[in-house]
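*Asks:* fold the following, please.
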Amino acid sequence: MSTRTPTTSTRRAGAGSATRLPREVITELRRVTWPSREEAVRLTIMVLVVSTVVGLFLGGVDYVFNFLMTEFILGV
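*Replies:* Next comes the predicted model:
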């Protein structure tokens, strides 16, 4: 019967790994290319406009289907 001892490749997460993740996150956030204020405002406005257009389109489609169901299929 052979017994194996843990090696460095099979070591478990120890106390050092609890601080490693926050350090790695901070390091990655420093590498991020953040948008300028103008670019962030422009993209936010674009998201709001596209969301409004899609919402209006889907609301219109819903209204049309509701009308068709009520008038022609259900006969109410």
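*Asks:* please pull out the lowest mean pLDDT helix or strand from the chain.
*Replies:* The weakest-scoring helix or strand in the chain, judged by mean pLDDT, DSSP states H and E, is helix 15-31 (a mean of 87).
*Asks:* so what's the residue count around residue 66?
*Replies:* 10 (other CB atoms under 10 Å). All C-beta atoms are positioned from the backbone trio N, CA, C, and that covers glycine.
*Asks:* what helix or strand is it located in?
*Replies:* In the assignment (DSSP states H and E), residue 66 maps to helix 37-68.
*Asks:* just checking, what packs against that helix?
*Replies:* Using 3 or more CB pairs under 8 Å, 6 or more residues apart in numbering; DSSP states H and E, no helix or strand is in contact with helix 37-68.
*Asks:* and it, how far from the chain's centre?
*Replies:* Taking CA atoms, centre = their mean, to the nearest Å, one finds helix 37-68 lying 19 Å from the centre of the chain it belongs to.
*Asks:* ok, now how distant is residue 53 from residue 45?
*Replies:* Per CB to CB, to the nearest Å, residue 53 is found 13 Å from residue 45.
*Asks:* ok, now residue 72?
*Replies:* Taking CB to CB, one finds residue 72 at 40 Å from residue 45.
*Asks:* before we move on, what about residue 18?
*Replies:* Residue 18 is 41 Å from residue 45, by CB to CB.
*Asks:* just the pLDDT at the residue sitting nearest the centre point of the chain, thanks.
*Replies:* The centroid of the chain falls nearest to residue 47 when counting by CA atoms, centre = their mean (14.2 Å). Per-residue pLDDT puts residue 47 at 98.
*Asks:* what does residue 11 give?
*Replies:* So, for residue 11, pLDDT stands at 53.
*Asks:* quick one, phi psi at residue 33?
*Replies:* Residue 33 adopts backbone torsions of phi -90, psi 100, taken as degrees, to the nearest 10.
*Asks:* for residue 62, give its distance to residue 68.
*Replies:* 11 Å.
*Asks:* with residue 42 instead?
*Replies:* Here the criterion is CB to CB. By it, residue 42 lies 39 Å from residue 68.
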